[in-house]
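Q: Provide a 3D model corresponding to the input given below.
(4 chains)
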Protein chains: 4
Amino acid sequence: MNAGIINVTGYAGCELARILYQHPEINLTTVTGRSSAGENLAEVFPHLANLNLTITPELDGSVDVVFSALPHKASAEAVIPLVEQGIKTIDISADFRLKSTEEYSQWYGVDHPAPSYLNKSVYGLTEIHRQEILHSTLIANPGCYPTSAILGLAPAVSLGIISEDIIIDSKSGVSGAGRSLALTTHYSEVNENVMAYSLEGHRHLPEIVQELGGLTDTNLNITFLTHLIPMTRGILSSCYAPLKAPYDKTNTDIRELYQEFYKDSPFVQITEHPPQTKQTLGNNNCLVFPTIDKRTNRLIVISCIDNLVKGAAGMAVQNMNVMLGWPEDLALKTLAVYP
Amino acid sequence: MNAGIINVTGYAGCELARILYQHPEINLTTVTGRSSAGENLAEVFPHLANLNLTITPELDGSVDVVFSALPHKASAEAVIPLVEQGIKTIDISADFRLKSTEEYSQWYGVDHPAPSYLNKSVYGLTEIHRQEILHSTLIANPGCYPTSAILGLAPAVSLGIISEDIIIDSKSGVSGAGRSLALTTHYSEVNENVMAYSLEGHRHLPEIVQELGGLTDTNLNITFLTHLIPMTRGILSSCYAPLKAPYDKTNTDIRELYQEFYKDSPFVQITEHPPQTKQTLGNNNCLVFPTIDKRTNRLIVISCIDNLVKGAAGMAVQNMNVMLGWPEDLALKTLAVYP
Amino acid sequence: MNAGIINVTGYAGCELARILYQHPEINLTTVTGRSSAGENLAEVFPHLANLNLTITPELDGSVDVVFSALPHKASAEAVIPLVEQGIKTIDISADFRLKSTEEYSQWYGVDHPAPSYLNKSVYGLTEIHRQEILHSTLIANPGCYPTSAILGLAPAVSLGIISEDIIIDSKSGVSGAGRSLALTTHYSEVNENVMAYSLEGHRHLPEIVQELGGLTDTNLNITFLTHLIPMTRGILSSCYAPLKAPYDKTNTDIRELYQEFYKDSPFVQITEHPPQTKQTLGNNNCLVFPTIDKRTNRLIVISCIDNLVKGAAGMAVQNMNVMLGWPEDLALKTLAVYP
Amino acid sequence: MNAGIINVTGYAGCELARILYQHPEINLTTVTGRSSAGENLAEVFPHLANLNLTITPELDGSVDVVFSALPHKASAEAVIPLVEQGIKTIDISADFRLKSTEEYSQWYGVDHPAPSYLNKSVYGLTEIHRQEILHSTLIANPGCYPTSAILGLAPAVSLGIISEDIIIDSKSGVSGAGRSLALTTHYSEVNENVMAYSLEGHRHLPEIVQELGGLTDTNLNITFLTHLIPMTRGILSSCYAPLKAPYDKTNTDIRELYQEFYKDSPFVQITEHPPQTKQTLGNNNCLVFPTIDKRTNRLIVISCIDNLVKGAAGMAVQNMNVMLGWPEDLALKTLAVYP
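A: Residues are numbered from 1 along each chain as shown, chains lettered A, B, ... in the order given. Take a look at the predicted model:
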């Protein structure tokens, strides 16, 4: 099948190209980019030279499946015509993640460009929405932070073992901020440094609230704080919530509940030791470690991913595999590049 | 005055030497070390060549003030004879921090070597115990994590504006683990990686509980989780706690309460923007940023320090200055080395 | 076919396991390790959990091909019995690289344990010795530095366009120093630092001299200096040599000579711009950029690789592919993990 | 005395402010900046909050000494009026470094804005031009790379112990590229990466040629290649040149010649072991290690500095101290911040 990538020139785009290159059922035939149109892809990304593709302003030729890595709003405008032609579409932007147009306007500062598609699209956290993805044409690929946080907390929320008072403290590598230049991603400012940011509220919060909220009748009371740390890839989320009484569950019990919850999800691994982001570098795994803080009867869950793979391009390919009826892990079985 | 450093060969030791070198009232006359005894200090630390000191197995000559950077237990054993001679002593180890011998045994796995000194020594968080330090001969220099966490939360706990459910999520550079070799501080394992550790309980927790607990009648319910991030220096603690109703305080109100609390503390700065560890690199400041998470009525406090300066050597010199009646910031007024 | 790895517990070992996992013709059936014998491989390397292998003290079961990642001397002793059984063997250690026992003794400080095999083994720089590898049972996998340096200079030396006065200035990430602990690989010492080392002579020098010397009748006069820089993976070698008069060649001429030289070598890419190590992260490419310093009539060649892949495990698999008559790039076509 | 900094908003500017803050004879009274004019300096650089200065578009009030950290051309235009008033001026830009207007035009692509001042200004490498600096009003502060390279090679060139065939391979941290945004200083591109750049010729080459050329009658034949490595601060230059016959000098002889050459220069230290950039972090030292490569009879010199201190702001203050007749190391005696 032929695939295309809209806006290949960011980090999600180039990771998509890398993964699709090794996909046995996909030919990546067309990639777009605005400022680099006309150039060979190797001019922008020398490591993609083997793909031998030219960047075009628009998709070139017919495709069976398309990935959009455009910014929000622009992405919705670009993909709707494709969806209307029945082309399987995975949107990496935020445009179809939030199902409330009010929430979308509030967090993104613009009116939603295609509100009628909000209910036709599926939030593409495969582990939670696998069945809907199977029958969908338009997938809203999740944000990187929500992927780590939701996968870490979904079993506990869904099974009702924690109360509503949830704190998610996430640490991210810098590539999550993309390839656009900014002082906050300038090497000399970021190296040997750690900072919290978006204390007034991060755009990924409503995704987390929506998706975890969908798993429970309780009104969740979530604080979500993001931190930038000096590494390129990886997100580690530390999640805290009070266990509900009676406090009769052991770490083993909780591990088993988590394993059962993800028993059909090849990419979520419940680990025996606290996981490290480096153990996911370059691959599509989410490592989850739940444990009880016995002094306080709180559940702590550590969850980590490669933000550009499980948090973006890998998840997108996983969604494509499900949409097209292929094995969910096709082209995604690579091990982490460690150390 | 003559000063000595016991066990100069770790990172706290070499930072003490660096700071004392620029102290106008101190001559650093003797430094000890076991495995390196007999070597010039420059053999171990070329950047300290100007000090022109030889490492000896024991203190050499009389000193007026001494710093011990020995491991716990060994430190108590080494400093008690000095304290008994009336020599002003600052102990960087954990030996005199916890005032309960039971807590000490539980967390450090040995009986306390000098329990009678627990009440004669002062927990050397200058900003909290300045008056007692002034009259003390033996100071227990605080742990690096507790310094950031306690300074971040002390005003809120002391003024009773938060409830007892406190979560402290701390991120530390690798130098906090010292100069001893371990796989967890091996470059290729730590670089481009982030991990949570000591999920079963970190030794710095009882210090935090003891000191924050001393500021309130409430029983605090503290979860404290530590993370290792790929940088050499710096600790940033993100602290979360529910505000007490009525929720009538603004960010400005809380900032003012914090500023008032620290109005006589030159090294604690209440910042207007979220602080970054890099803004403290090499100096003795603690930057504190309190803010309200309005959606959840929680207080979030970001607090950051250089773990080797404010979290160890700088704090020790600050304590010495207070003990000896000098200006608290003598030799400590340097600005951060940025970027 | 069944493959085994002797001493899987270092970085070359774990990279071999990662690459072999994705090899369509190989089952990795046995891995050895001394201190970790009896443990599941996932205990040492969680990212290899999917391999589901137990570490044994010796190879377990029959194998068709074996990789040894033991230290020098121990490696020769371990592999000779296997070679004598006709098992295809790739030795990652230095034991069979130098063809002179005197050189071996001088640089490694021990007598060679199996001198009779020096001439039966082949120096496994596939691009130079492909034909001999095809017929060999024992391959001496090259050192990481020599791989980058020799591939960068082989065309120029072989074609006689430079004189004998060669300077090779190499910069390496820290993983080349392995997983054993040392102060020089301790995070806080290496981070935010660069140092030259082995100024008295690096063990990889005689390999370079032997192999480049084999391409010319001239006596080469090579200075080779190594540097440690704060990154985990990657080697970049900057090579300098005077061009021979007449100075009539252009950059284009030299690029074409290089391309011709490597026209059958899929992993050596002659680049149009100076290459970066990151462009090879996790894959088996060697990127080579030759250019003329017109002011001085010197040739400068920049050559870079991932030291653990092209500089160790990937090269070993490439050699195996050649030995077994498979396509040279089987299991090695993955693109770099960028950024 | 009152000092001013023109264009304080870059890294050289903020380091000047940091160092001048601790200078006992200087009041930093005015700092300028274009885009940030009107802001408090703490808005741009929170770590400089204690200076309590407002950024103005032009110098505010009378000053006795001024530092310009403007880009080339703009800097000359800004400082000439000040020089004409007799104000002691240190220009951090490249404008007065090259004494040939042709060279300046060739490398900087513009005509020199004030050619008549080229001979009135002094190249401010204090160790080489101390006497001229003493009597000068306008100092051209050297480039960061030339500082490391010239100090490493000056004794050998000056004493005629090496031939003219010199290769300088320099590795720099990223802060040398300044605070302006570019893809080559974008964190995700630079981290875990090393690259050579400016292979067609770096602007610092003519400075090196001019200054080393001034120490000898020989025509030097210098190749100078720069590399960007993933750290914020520090330059390490590895210099290679053939020793002149007869090869009768030992390492000790050469060390002694170097020590003698720099016997009155407090900031140049001839080290006994290969130096590391981290040993100079935050201070004004240049560490130099000369050694003989006995196999090839080449001299190798390793030289390292903190590019923002000895390579910029510290050197500027050192020059000011000399110009004003103060001890050369006033405010510059701080030790490196290690690790």
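Q: quick check: longest helix of chain A.
A: helix A:144-158 (DSSP state H).
Q: what about that helix and chain D, any contact?
A: No - counting by C-beta under 8 Å from any C-beta of the partner chain, chain D has no neighbours in helix A:144-158; the shortest distance is 13.6 Å. To be clear about C-beta, it is placed using only N, CA and C from the backbone, and glycine gets the same treatment.
Q: With stretch A:66-75 instead?
A: No - using C-beta under 8 Å from any C-beta, we find that stretch A:66-75 stays clear of chain D, coming within 15.4 Å at best.
Q: Is chain C within reach of that stretch?
A: No - using C-beta under 8 Å from any C-beta, stretch A:66-75 stays clear of chain C, with a minimum separation of 14.8 Å.
Q: where does that stretch sit relative to the chain's centre, distance-wise?
A: Chain-centre distance of stretch A:66-75: 14 Å, with C-alpha atoms, centre = their mean, to the nearest Å.
Q: Give me the contact list for it.
A: Contact with stretch A:66-75 is made by A:3-8, A:10, A:12-13, A:16, A:59, A:78-79, A:82, A:87-95, A:108, A:110, A:113, A:316, A:320, as judged by C-beta atoms under 8 Å, 6 or more residues apart in numbering or on different chains.
Q: what does stretch A:175-186 give?
A: A:9-11, A:144-145, A:174, A:189-190, A:197, A:228, A:232-233, A:235, A:307-308, A:311, C:339, D:179, D:181-183, D:185-188.
Q: Next up, the contacts around A:Glu192.
A: A:Pro230, B:Gly173, B:Met231, B:Thr232, B:Arg233, B:Gly234, B:Thr277, B:Lys278, B:Leu281, C:Asn191, C:Glu192, D:Thr232.
Q: run the last query once more with 6 Å
A: B:Met231 (C-beta atoms under 6 Å, 6 or more residues apart in numbering or on different chains).
Q: A:Cys286 now?
A: A:Cys286 touches A:Leu151, A:Phe267, A:Val268, A:Ile305, A:Lys310, counting by C-beta under 6 Å, 6+ apart.
Q: Report the buried residues of the next helix or strand after the longest helix of chain A.
A: Scanning forward in sequence from helix A:144-158 by DSSP states H and E, the next helix or strand is strand A:165-172. For strand A:165-172, the neighbour count (16 or more other C-beta atoms under 10 Å in any protein chain shown) marks A:Asp165, A:Ile166, A:Ile167, A:Ile168, A:Asp169, A:Ser170, A:Lys171, A:Ser172 as buried.
Q: related to what we said a few turns ago, by neighbour count, which of the contacts of A:Cys286 wins?
A: A:Ile305 (33 neighbours; other C-beta atoms under 10 Å in any protein chain shown).
Q: Distance check, the nearest residue to A:Leu125 once chain neighbours are set aside against A:Ile133.
A: Nearest non-adjacent residue to A:Leu125, counting by C-beta to C-beta, 6 or more residues apart in numbering or on different chains: A:Pro142, 4.9 Å away. Distance from A:Pro142 to A:Ile133, counting by C-beta to C-beta, to the nearest Å: 12 Å.
Q: Likewise for A:Lys244?
A: Taken as C-beta to C-beta, the span from A:Lys244 to A:Ile133 is 31 Å.
Q: now A:Asn52
A: Distance from A:Asn52 to A:Ile133, by C-beta to C-beta: 31 Å.
Q: Who has more neighbours out of these two?
A: It is A:Ile133, of A:Asn52 and A:Ile133, that has more neighbours when counted by other C-beta under 10 Å, with 22 against 9.
Q: Quick check: which element contains that one?
A: helix A:126-134.
Q: For that helix, which outside residues touch it?
A: A:Val122, A:Tyr123, A:Ser265, A:Val268, A:Gln318, A:Asn319, A:Val322.
Q: Can you name the element that comes right after it?
A: That would be, after helix A:126-134 and using DSSP H and E, strand A:138-140.
Q: just checking, what packs against that next one?
A: strand A:88-91 (3 or more C-beta pairs under 6 Å, 6 or more residues apart in numbering or on different chains; DSSP states H and E).
Q: which neighbours does the strand it packs on have in its sheet, and in what orientation?
A: Strand pairing for strand A:88-91, determined by DSSP bridges: strand A:65-68 (parallel), strand A:138-140 (parallel).
Q: interface residues of chain A facing chain D?
A: With C-beta under 6 Å from any C-beta of the partner chain as the criterion, chain A meets chain D at residues A:Val174, A:Ser175, A:Leu181, A:Thr185, A:His186, A:Tyr187, A:Ser188, A:Val190, A:Asn191, A:Thr232.
Q: follow-up on the earlier one: separate out the buried members of the contacts of stretch A:66-75.
A: A:3-8, A:10, A:12-13, A:16, A:59, A:78-79, A:82, A:87-95, A:108, A:113, A:316, A:320.
Q: among these, which are in helices?
A: A:Ala12, A:Gly13, A:Leu16, A:Ala78, A:Val79, A:Leu82, A:Tyr108, A:Ala316, A:Met320.
Q: How much space separates A:Ala49 from A:Glu43?
A: 9 Å.
Q: Those two: which has the busier surroundings?
A: A:Ala49 (19 against 15).
Q: How many residues are close by the residue lying closest to that one once chain neighbours are set aside?
A: Among residues not flanking A:Ala49 along the chain, A:Ala42 sits closest, at 3.9 Å (C-beta to C-beta, 6+ apart). Using other C-beta under 10 Å, A:Ala42 is surrounded by 19 other residues.
Q: now A:Ala42, what's its secondary structure?
A: Under DSSP: H, G, I helix; E, B strand; the rest coil, the three-state class of A:Ala42 is helix.
Q: likewise A:Gln106?
A: Per three-state DSSP, A:Gln106 ends up helix.
Q: Tally up the residues packed near it, please.
A: 13.
Q: Could you do A:Ser100 as well?
A: 14.
Q: give me phi/psi at it?
A: phi -110, psi 120 (degrees, to the nearest 10).
Q: And it, how close does it get to chain C?
A: Using C-beta to the nearest C-beta, to the nearest Å, A:Ser100 is found at 34 Å from chain C.
Q: do the same with A:His227
A: Applying C-beta to the nearest C-beta to A:His227 and chain C gives a distance of 19 Å.
Q: does that residue count as helix, strand or coil?
A: strand.
Q: Might one say that it is in contact with A:Asp169?
A: No - in this structure A:His227 lies outside contact range of A:Asp169 using C-beta atoms under 6 Å: 7.3 Å.
Q: What does the pLDDT read for A:Ala316?
A: We have a pLDDT of 98 for A:Ala316.
Q: Which residue is most remote from the mean position of chain A?
A: A:Pro246 (34.5 Å; C-alpha atoms, centre = their mean).
Q: May I have the secondary structure class of that residue?
A: Going by three-state DSSP: A:Pro246 is coil.
Q: Per-residue pLDDT of it, please?
A: So, for A:Pro246, pLDDT stands at 94.
Q: So A:Arg203: helix, strand or coil?
A: Under three-state DSSP, A:Arg203 comes out as coil.
Q: can you pull the contacts of it?
A: Going by C-beta under 6 Å, 6+ apart, the list of residues near A:Arg203 reads A:Trp107.
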